[in-house]
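Asks: Provided below for reference: sequence and predicted model.
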Amino acid sequence: MVRKRKIFDYDEPVSVECGYYIISCYFKEGNAKISEYPKLSPPLDNWMKGTKIDLDEEAVLQYEIMEDETGTMRPFYNFAIPLFEHKIVKILEDKGVDNIQFYHAIITDLSNGSKVSDYCSFNIIGLISLMDEENSEYSRLGFGDTKFIERLAILKSNANGLKVFRLREAPHAIFVHESIRGALEEGGVKGITFENPVGWSG
């Protein structure tokens, strides 16, 4: 069961020091692919905006794995309504991360009808602007602050104590503090890649 706690609003145009990593969980042969996502009406259909969402805390979000896409589940799926396995959720809560909304998720494997229930949908509150535009290489995508980044250069400041946040210029990039990386590794979470943001592209 996911613990309920106060959710704070974070939307500060600040930048971060090194000591943060971008987390990814790449598909590998034999991994399950999630094909059907929760059907929510706008604006609840995109959780990469970095703002708090207004959804019933008791909501259960439904995902599906098609019959020919079954396999081993990854610990983390980063799409419009992303997923963390419960092990990650517990580690984040234990480390005092308080700017994420978690919702129960059910993933149905259509190959056999089994249901996976040890995952949570999650919404990160907080877009942090850290790009040093003068020294980065990027192209504008034509909507908001979002950019396609070819090489990221960062400014050195701080993230106001945030341990997890999204990058304002590329919201699909999730940043975690080095203390979170250590906790995930010590907690035995497998399959996550921690990328140095300096020089990152995406």
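Replies: Good, I have the coordinates.
Asks: and whichever strand or helix holds residue 108, which residues are buried?
Replies: Secondary structure assignment for residue 108, by DSSP states H and E: strand 100-109. Residues 100-105, 107-109 are the ones in strand 100-109 that count as buried (16 or more other CB atoms under 10 Å). Heads up, the C-betas are built off the backbone N, CA and C, glycines and all.
Asks: Distance from the chain centre to stretch 71-81, please.
Replies: 10 Å (CA atoms, centre = their mean, to the nearest Å).
Asks: same thing with stretch 177-189?
Replies: Stretch 177-189 has its average C-alpha position 15 Å from the chain's average C-alpha position, going by CA atoms, centre = their mean.
Asks: Show me the contact partners of it.
Replies: Stretch 177-189 is contacted by residues 19-21, 23, 75, 85, 87-88, 91-92, 94-95, 97, 159, 162-164, 176, 192, 194 when judged by CB atoms under 8 Å, 6 or more residues apart in numbering.
Asks: Strands of this protein, residue ranges please.
Replies: Taking DSSP state E as the criterion, the chain contains strands spanning 20-24, 60-65, 76-77, 83-85, 100-109, 115-124, 127-128, 137-140, 147-151, 164-167, 170-177, 193-195.
Asks: okay, these, which one's buried deepest?
Replies: strand 164-167 (a mean of 25; mean count of other CB atoms under 10 Å).
Asks: Could you give the average pLDDT over that strand?
Replies: Averaging pLDDT along strand 164-167 yields 92.
Asks: Dump the strand holding residue 108 to PDB, restricted to CA.
Replies: Presented in PDB, the C-alpha positions along strand 100-109 are these (Å, rounded to 0.1, in the frame of the first residue of the first chain):
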ATOM      1  CA  ILE A 100       5.800  12.700  -6.300                       C
ATOM      2  CA  GLN A 101       2.200  11.600  -6.500                       C
ATOM      3  CA  PHE A 102       1.800   7.800  -6.600                       C
ATOM      4  CA  TYR A 103      -1.300   5.900  -7.800                       C
ATOM      5  CA  HIS A 104      -2.000   2.200  -7.800                       C
ATOM      6  CA  ALA A 105      -1.600   0.400 -11.200                       C
ATOM      7  CA  ILE A 106      -2.800  -2.900 -12.500                       C
ATOM      8  CA  ILE A 107      -1.000  -4.400 -15.500                       C
ATOM      9  CA  THR A 108      -2.900  -7.200 -17.300                       C
ATOM     10  CA  ASP A 109      -0.900  -9.700 -19.400                       C
END
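Asks: Provide the strand pairings for that strand, with the direction of each partner.
Replies: Within its sheet, strand 100-109 is paired with strand 60-65 (parallel), strand 115-124 (antiparallel), according to DSSP bridges.
Asks: Chain neighbours aside, what residue packs nearest to residue 175?
Replies: In space, and not counting its chain neighbours, residue 175 is closest to residue 20: 4.8 Å by CB to CB, 6 or more residues apart in numbering.
Asks: Oops, could you answer that again for residue 116 instead?
Replies: Using CB to CB, 6+ apart, the closest residue to residue 116 is residue 107 (4.1 Å).
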